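[1] structure for this input, please:
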Amino acid sequence: MPSADEVARSLKSDQWSERSQGVLMAGRGRYAALVPTLMDLLTRDPHPAVRQTAALVLADFGEQRAAAPIAQMLAAGDLSNADMLIDALARLRNPSAAYAVLPFLDTDSDQIRLGAVNALGEMNAVDQAPRVLAMAQKNQNRDKARTYCMVIGRLKYSPADSYLLGILRAGPQDTAMAASILALGNTRSTAAVPDLVRIIGGSYAKGRENAVPALVEIAHPSAAEQSFMH
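    Numbers count the residues shown, from 1 in each chain. Below is the predicted model:
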């Protein structure tokens, strides 16, 4: 490991690759004294790779002051490293930055959508749940519907139960349906019990797999009785 002084010098290099490497070394060495310099690189460095690396290292330091500039970078359309910036916000778990992650639930990249789901869940961004539901209700894409169901489940947003039931009942037997089943369990939707019982007796393997823990999570007394009757 280079010393803190050596790392500090590399952070001032004219070469972006050396600055980026210096940021990594600052994190590996746990050189907390260099956090102000890393913050400066995050907000001012001209190279996206340096900004991205600084975001991740600052997140690993738990530097909450980094949440706002990272969110601003996402909101301003810094899409070159969106997945890494979203990952940094997930590590910081600061719900004040959730607004910048929301638009990425509607991106065409499955990887970025899943990263956004994870970030919003890690942030426990319950204040953004109504906006998530509004986006979900406008969506017509089943792949993205899976994403919205996952977020709603992570946030345990019970006002979205009608939406989740709509995805469940609309079919087909796909990943959106499977995600809605788990989400209904997370929101503890008693209205979903008859549907989940029916699915347990059906042919959709992933549905059966998800319906069992969903019913356990709901823990409604009628579930066992309906299961035997079915």
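[2] can you name the next helix or strand after the helix or strand hosting S17?
    Assigned by DSSP states H and E, S17 falls within helix 16-28. Using DSSP H and E, the helix or strand that follows helix 16-28 in sequence is helix 35-44.
[3] send me that next one as PDB with only the CA atoms.
    The C-alpha trace of helix 35-44 is given here as PDB (Å, rounded to 0.1, in the frame of the first residue of the first chain):
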ATOM      1  CA  VAL A  35     -12.200  12.500   2.200                       C
ATOM      2  CA  PRO A  36     -12.300  16.300   1.400                       C
ATOM      3  CA  THR A  37     -10.100  15.700  -1.600                       C
ATOM      4  CA  LEU A  38     -12.400  12.900  -2.800                       C
ATOM      5  CA  MET A  39     -15.400  15.100  -2.400                       C
ATOM      6  CA  ASP A  40     -13.700  17.700  -4.600                       C
ATOM      7  CA  LEU A  41     -13.000  15.100  -7.200                       C
ATOM      8  CA  LEU A  42     -16.600  13.900  -7.000                       C
ATOM      9  CA  THR A  43     -18.000  17.300  -7.800                       C
ATOM     10  CA  ARG A  44     -15.300  18.800 -10.000                       C
END
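[4] related to what we said a few turns ago, got the angle for the helix holding S17 vs helix 35-44?
    Here helix 16-28 runs at an angle of 140 degrees relative to helix 35-44 (axes from the mean of the first three to the mean of the last three CA atoms, to 10 degrees).
[5] which residues sit against helix 16-28?
    1-2, 7-13, 31, 34, 37-38, 41, 45-47, 49-50, 53-54, 56-57, 60-61 (CB atoms under 8 Å, 6 or more residues apart in numbering). In short, each C-beta sits where N, CA and C put it, glycine included.
[6] go on, stretch 46-56?
    Residues contacting stretch 46-56 (CB under 8 Å, 6+ apart): 16-17, 19-20, 23-24, 27, 38-39, 41-42, 45, 66, 70, 73, 78, 80-81, 84-85, 87-88, 91.
[7] from these, which would you call buried?
    19-20, 23, 27, 38-39, 41-42, 45, 66, 70, 73, 81, 84-85, 87-88, 91 (16 or more other CB atoms under 10 Å).
[8] which residues does the helix or strand harbouring K144 contact?
    According to DSSP H and E, K144 maps onto helix 142-155. Identification of contacts with helix 142-155 by CB under 8 Å, 6+ apart yields 105-106, 110, 113-114, 116-117, 120-121, 124-126, 128-129, 132-133, 135-136, 139, 160, 163-164, 167, 172, 174-176, 178-180, 182-187.
[9] neighbours around D143, how many?
    For D143, the count of nearby residues is 13 (other CB atoms under 10 Å).
[10] distance check, it against E6.
    Using CB to CB, to the nearest Å, D143 is found at 48 Å from E6.
[11] what of P221?
    66 Å.
[12] pull out the buried positions in the helix holding K144.
    In helix 142-155, counting by 16+ other CB under 10 Å, buried: 144-155.
[13] show me what contacts V101?
    V101 touches 71, 74, 86, 89, 116, 119-120, 123, 125, counting by CB under 8 Å, 6+ apart.
[14] sorry, slip of the keys, the one I care about is D174.
    142, 146.
[15] which pLDDT value belongs to it?
    On the pLDDT scale, D174 is placed at 95.
[16] next, it: phi, psi?
    Backbone torsions of D174, given as degrees, to the nearest 10, read phi -130, psi -170.
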